[in-house]
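*Asks:* A structural model of the following input is requested.
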Amino acid sequence: MKFIVDGMLGKLTRWLRMLGHNVKYSNKLDDAKLITIAKKERRILLTRDLELYQQAIAKGLDAFYLEGTTEAERLAFLARRFKIELEINMEKSRCPKCNTRVKPIPKEKVINKIEKNTFSNYNEFWECPKCEKIYWQGAHWARIRNTLDTAKKT
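*Replies:* Below you'll find the model as predicted:
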């Protein structure tokens, strides 16, 4: 699913990318540019700006006004509206930073790119081919699972 997200939803952008969705985001795009890109690239516009939402709907775009005060609540709303599965599949996951699909990388190739302690404690790694950021399912993964579990129950 392809989305374009307004500048107020940076955290949600990272979540959707981890869940495997193609999300365009920049906090430098004004409302007119967001609408133009959404129309040209056939992206669903996600926003917390009621005026932007109303403009997009008036122009016939697929847009969704996001309510909720936590990331779990926002993810729950999106999951219900767009039937988004709230599970991270690393085969489909995208780089939260730059939106490129991440790829598995052999452990021996990350030895000089991560902390020694991380290298010693984990065996599976993924790399973003564009920005070269390395990912692993470390201690932070419990918080990620907790947020997704909370969203499923919301």
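*Asks:* do a quick rundown of the strands in the chain.
*Replies:* Per DSSP state E, the chain carries strands over the ranges 2-5, 22-25, 44-47, 63-65, 103-105, 125-127, 134-135.
*Asks:* closest to D31 out of those strands?
*Replies:* Closest of those to D31 is strand 44-47, at 8.9 Å (criterion: CB to CB). C-beta here means a position set from N, CA and C on the backbone, and glycine is covered the same way.
*Asks:* ok, that closest one: who's next to it in the sheet?
*Replies:* Paired strands of strand 44-47, with direction, are strand 2-5 (parallel), strand 63-65 (parallel) (DSSP bridges).
*Asks:* list the buried residues of stretch 120-139.
*Replies:* 122, 125-128, 135-137 (16 or more other CB atoms under 10 Å).
*Asks:* wait, which of those residues is closest to L86?
*Replies:* Q137 (16.3 Å).
*Asks:* relative to I114, how far out is the closest one?
*Replies:* Remark: distance between Q137 and I114 (CB to CB, to the nearest Å) = 13 Å.
*Asks:* and if you look at C95?
*Replies:* 16 Å.
*Asks:* just want to know which of these two has more residues nearby.
*Replies:* Comparing C95 with I114 by other CB atoms under 10 Å, the one with more neighbours is C95, at 22 against 16.
*Asks:* was I right to think that one contacts C128?
*Replies:* Yes - between C95 and C128 there is a contact at 3.8 Å, judged by CB atoms under 8 Å.
*Asks:* okay, and the common contacts of those two?
*Replies:* Contact with both C95 and C128 is made by residues 102, 135, according to CB atoms under 8 Å, 6 or more residues apart in numbering.
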